[in-house]
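**Q** have a look; sequence and predicted model below, questions after that.
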Amino acid sequence: MRRFHRIISLAAGLFLLLITVTGVLLHVQEFQEEEEREERKPAHNLASGIPNDWTLALNKGLAAIYAADANVHIKRIRIDVEEATPRLVVQTEGENAMNYVLSETGTILKASKPEKSLLFRLHTGEILGDVGEGLSLLMGLALLALLITGGVILWQMIRSAPSISAGFKRVMGLKN
């Protein structure tokens, strides 16, 4: 029984290593993207307000979205102003949540399901908000620390054996 436990734990450890590293990397990537967004300077100066043509385009786009679904609930409206022409993105929520990309004339260029799946949101802790993301990152770092210390302990077990093959046999429970 002990041998099976060690074999299963070795496979589970490799899986946990993969999940842990990717989870931590996803969080780091997300934090870096957030910092980059804060550092980037927009191509347009919005101190004097949103230009009328953008407002008209947004109103036309919203009218098109409401024409497709009168009961839609708008979650977020984003105006990306890094390019010469702005990109308007309208995100809806609910059962039929969509992301709409609007052109500068207000027509819908693209309508797609939200980019992040429920599984991804569970993996990152995003489903619980900022607290969940922080907890998920801390748990990922804790799992990474457990994997590293477990690897050190395994290495010490192998190294203390008379030979490397005897050490692997000891770790796998084939020989005491």
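**A** Everything's here; your move.

**Q** roughly how far does residue 129 sit from residue 20?
**A** Using C-beta to C-beta, to the nearest Å, we find residue 129 at a distance of 22 Å from residue 20. In this view, the C-beta of every residue, glycine as well, is placed from N, C-alpha and C.

**Q** more crowded one of those two?
**A** residue 20 (19 against 9; other C-beta atoms under 10 Å).

**Q** tell me the helices and strands packed up against the helix ranked longest in the chain.
**A** Taking DSSP state H as the criterion, the chain has its longest helix at helix 2-39. Under the contact definition 3 or more C-beta pairs under 8 Å, 6 or more residues apart in numbering; DSSP states H and E, helix 2-39 sits against helix 118-124, helix 130-159.

**Q** CA atoms of the worst-scoring helix or strand of the chain on mean pLDDT as PDB?
**A** Sorting the helices and strands of the chain by mean pLDDT, DSSP states H and E puts helix 118-124 at the bottom, at a mean of 69. Extracted in PDB, the C-alpha atoms of helix 118-124 (Å, rounded to 0.1, in the frame of the first residue of the first chain):
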ATOM      1  CA  LEU A 118     -15.500  29.700 -15.200                       C
ATOM      2  CA  LEU A 119     -12.600  27.200 -14.800                       C
ATOM      3  CA  PHE A 120     -10.000  30.000 -15.300                       C
ATOM      4  CA  ARG A 121     -11.800  32.200 -12.900                       C
ATOM      5  CA  LEU A 122     -11.900  29.400 -10.300                       C
ATOM      6  CA  HIS A 123      -8.200  28.600 -10.900                       C
ATOM      7  CA  THR A 124      -7.100  32.200 -10.300                       C
END
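
**Q** show residues contacting it.
**A** 19, 23, 26-27, 30, 126-127, 132-133, 136 (C-beta atoms under 8 Å, 6 or more residues apart in numbering).

**Q** recalculate using a threshold of 7 Å.
**A** Contact with helix 118-124 is made by 23, 26-27, 127, 133, 136, as judged by C-beta atoms under 7 Å, 6 or more residues apart in numbering.

**Q** so for residue 32, what's the pLDDT?
**A** pLDDT recorded at residue 32 is 81.

**Q** what's around it, how many residues?
**A** 10.

**Q** burial check on residue 122, number of neighbours?
**A** 13.

**Q** average model confidence for stretch 130-137?
**A** 80.

**Q** put the alpha carbons of it into PDB.
**A** Taking C-alpha atoms only, stretch 130-137 is exported to PDB below (Å, rounded to 0.1, in the frame of the first residue of the first chain):
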ATOM      1  CA  ASP A 130      -9.500  40.600  -5.200                       C
ATOM      2  CA  VAL A 131      -9.500  38.700  -2.000                       C
ATOM      3  CA  GLY A 132      -9.800  35.400  -3.900                       C
ATOM      4  CA  GLU A 133      -7.000  36.300  -6.200                       C
ATOM      5  CA  GLY A 134      -4.700  37.200  -3.300                       C
ATOM      6  CA  LEU A 135      -5.600  34.000  -1.500                       C
ATOM      7  CA  SER A 136      -5.100  32.000  -4.700                       C
ATOM      8  CA  LEU A 137      -1.600  33.500  -5.200                       C
END
